[in-house]
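In: here is a sequence with its predicted model. Questions after.
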Amino acid sequence: MRPNYGIGAHVSTRGGFLQAAKRAYEMGATAFQYFPKNPRSLGLKDPDLKNAELCREWCEEHGIASIAHSPYPTNPALGMTRGEAGFHATVASIRNDLHIADACGSVGTVVHFGHLKSDQPLEGYQNLIHCLDTVLEDWNGQAKILLENQAGDHGPMGTTMEEMIQIRKLSQYPEHIAFCFDTCHAFASGMWHSNSERDMVQKGRQLGYWDALAAVHFNDSKYASGSCKDRHARIGQGFIGSKAMQELLSSPEFQRAVVVLETETGEDGTHKEDIEVMRSWL
């Protein structure tokens, strides 16, 4: 019998959503992440709802949790700065991802905080809130937007817990928004440095950040704290290191979340080895 911890990795949807779930299960995962559509485009996808339903039923039967990840071009902080068509394309794309995630029984879809180069510091935040509220208007599904913290490689937006909390608080639909915490991004942005992970966890408790945590991207970092470089490393093989990552994974907040790797695979082409290491820590 498998442990209840939702631990896994990002997997391919080649062959469909059900096949993605089985692919994760075969490498010992109890959770997985997937792209609901082409990760390089905001183009909409008409999902195979029958396959999505089979995925949901199979995951329920086997105790597998999942999260979707919206395409890379998704940047809700842009608003209408690049035209009304761009704004509506972003809204439609995220809504499409929510529908697919909901059909698959996933917790939600990960959406990057986004960035905006502007001489008006508040503009990006206002754009983000407006975009999320437009997406969530009349949304009655179970899947949530999982707002992800950033590494700082495009600027300081979205690199603090305080920003996440405030955006959720100011949204008209906070009940449909949760957080996805990326360990590499947090480390690279300087949110914490080696040997201070306990302080970071405690700060999150005081702020109430972890109360809305639903997912974790469990990645080591190829660069030092404060580098603002978004380069993931396999767990224990980067600047964060095994000791700190074990400390984080052992915290009750992480154990209640869907925890997935977004790192390079092992020699067998899967994340089985790293998942086994994570299990041994628990």
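Out: Okay, I see it.

In: for the protein, which residues score under the pLDDT cut-off?
Out: Judged by pLDDT under 70, the chain has its weakly predicted residues at 1-5.

In: can you show me the strands along it?
Out: Along the chain, the stretches classed as strands by DSSP state E are 6-10, 31-34, 65-69, 108-112, 144-148, 177-182, 213-217, 220-221, 232-233, 258-261.

In: possible to save the ones you listed as JSON lines with mean neighbour count?
Out: C-beta: built from backbone N, CA, C; applies to glycine. Shown next, in JSON lines, are the strands of the chain (neighbours: other CB atoms under 10 Å):
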{"stretch": "strand 6-10", "mean neighbour count": "25"}
{"stretch": "strand 31-34", "mean neighbour count": "27"}
{"stretch": "strand 65-69", "mean neighbour count": "27"}
{"stretch": "strand 108-112", "mean neighbour count": "27"}
{"stretch": "strand 144-148", "mean neighbour count": "26"}
{"stretch": "strand 177-182", "mean neighbour count": "25"}
{"stretch": "strand 213-217", "mean neighbour count": "24"}
{"stretch": "strand 220-221", "mean neighbour count": "24"}
{"stretch": "strand 232-233", "mean neighbour count": "20"}
{"stretch": "strand 258-261", "mean neighbour count": "28"}
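
In: distance to residue 93 for those - can I get that in JSON lines?
Out: Shown next, in JSON lines, are these (distance: least, CB to CB, whole Å):
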{"stretch": "strand 6-10", "distance to residue 93": "19"}
{"stretch": "strand 31-34", "distance to residue 93": "16"}
{"stretch": "strand 65-69", "distance to residue 93": "12"}
{"stretch": "strand 108-112", "distance to residue 93": "10"}
{"stretch": "strand 144-148", "distance to residue 93": "12"}
{"stretch": "strand 177-182", "distance to residue 93": "17"}
{"stretch": "strand 213-217", "distance to residue 93": "19"}
{"stretch": "strand 220-221", "distance to residue 93": "29"}
{"stretch": "strand 232-233", "distance to residue 93": "24"}
{"stretch": "strand 258-261", "distance to residue 93": "21"}
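
In: with residue 156 as the reference, name the closest of those strands.
Out: The stretch from the strands of the chain with the least distance to residue 156 (CB to CB) is strand 108-112; that distance is 14.2 Å.

In: burial of residue 103, as a residue count?
Out: The number of residues packed around residue 103, counting by other CB atoms under 10 Å, is 21.

In: do I have it right that it meets residue 48?
Out: No: contact criterion CB atoms under 8 Å: residue 103 and residue 48 do not qualify, at 9.1 Å.

In: about what we covered before: nearest to residue 250, of the strands of the chain?
Out: Nearest of these to residue 250, taken as CB to CB: strand 258-261 at 11.6 Å.

In: so which elements touch the closest one?
Out: Secondary-structure packing of strand 258-261 (3 or more CB pairs under 8 Å, 6 or more residues apart in numbering; DSSP states H and E): strand 6-10, strand 31-34, strand 65-69, strand 213-217, helix 272-281.

In: try 7 Å
Out: Contacting strand 258-261 under the criterion 3 or more CB pairs under 7 Å, 6 or more residues apart in numbering; DSSP states H and E are the following elements: strand 6-10, strand 31-34, strand 65-69, strand 213-217.
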